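Colleague: Pasting a predicted model and its sequence here:
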Amino acid sequence: MSGEGKSVSFRRTQETTKSNQELLEEFQKIIYRSRVTTHMKWYGKNNSVELIEHGDEELPQWQQRDVVIKDTFKFEISVYDSWHEDADLYESHEREDSFVSLAREFAQNNGLMYFPRGYPAEWYEKNEQGQYQHYKVQSDNKNIDKMYQIWHRYGIMALQAFDEEIESQLWNEAQTEIKQLINL
């Protein structure tokens, strides 16, 4: 795929029974029947919704970083620049027929954790001295499940916040908790 893309992030749980391929096929049917296709680039039935999953060594490095943690995967679509005309159709959780709302419902129906803000496996931030610190979550970290719970909780709470200041505060709290778990 090329151009601008939209993606949704998931993690398998003990309740997830279908394979990633089965989940992809089910999600493709949902998307292809929806209005989301309005500004979507078409690459054929099997390729217009792409599965990016952990462990796929054929992916470019930049895509592998998005699914570095075991049991994680993303569904991605390519869209035309015109998607901005209907931005809510792709990004609004307040709309039942949006890309992200369909993904959230899909996750609930399939025993998946849904991450509305993705799961940042690494990030940089400035310390008090103005120097950048690099934080990176290793896939073999013994606290990885706790970190996913924090990311998941943050993402769902951020959806309900409806306020940028509260969302920023929630993100800072989540980062602080995750940094502590990284350093344990």
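Modeller: That came through, no problem.

Colleague: and the residue of the chain most remote from its centre, what helix or strand is that in?
Modeller: Distance from the centre of the chain peaks at residue 129, with 31.9 Å (CA atoms, centre = their mean). Assigned by DSSP states H and E, residue 129 belongs to neither a helix nor a strand.

Colleague: quick one, phi/psi of it?
Modeller: The phi/psi pair for residue 129 (degrees, to the nearest 10) reads phi -80, psi 0.

Colleague: Give me the distance between it and residue 75.
Modeller: Distance, residue 129 to residue 75, using CB to CB, to the nearest Å: 41 Å. Yep, even glycine has a C-beta here, placed from its N, CA and C like the rest.

Colleague: Could you tell me which residues make contact with the residue farthest from the centre of the chain?
Modeller: Taking CB atoms under 8 Å, 6 or more residues apart in numbering, we find residue 129 in contact with no residue.

Colleague: Do you have the helices of the chain handy? List them.
Modeller: Ranges of helices in the chain, per DSSP state H, are 20-32, 61-64, 87-91, 99-109, 144-161, 164-183.

Colleague: In terms of mean pLDDT, which of those helices ranks lowest?
Modeller: Note on those: lowest mean pLDDT is at helix 61-64, with a mean of 68.

Colleague: Using JSON lines, lay out the helices of the chain together with mean neighbour count.
Modeller: Written out in JSON lines, the entries for these read as follows (neighbours: other CB atoms under 10 Å):
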{"stretch": "helix 20-32", "mean neighbour count": "16"}
{"stretch": "helix 61-64", "mean neighbour count": "11"}
{"stretch": "helix 87-91", "mean neighbour count": "16"}
{"stretch": "helix 99-109", "mean neighbour count": "19"}
{"stretch": "helix 144-161", "mean neighbour count": "17"}
{"stretch": "helix 164-183", "mean neighbour count": "14"}
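
Colleague: can you redo these as TSV with distance to residue 125?
Modeller: Converted to TSV, the helices of the chain look like this (distance: least, CB to CB, whole Å):
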stretch	distance to residue 125
helix 20-32	32
helix 61-64	21
helix 87-91	25
helix 99-109	26
helix 144-161	15
helix 164-183	7
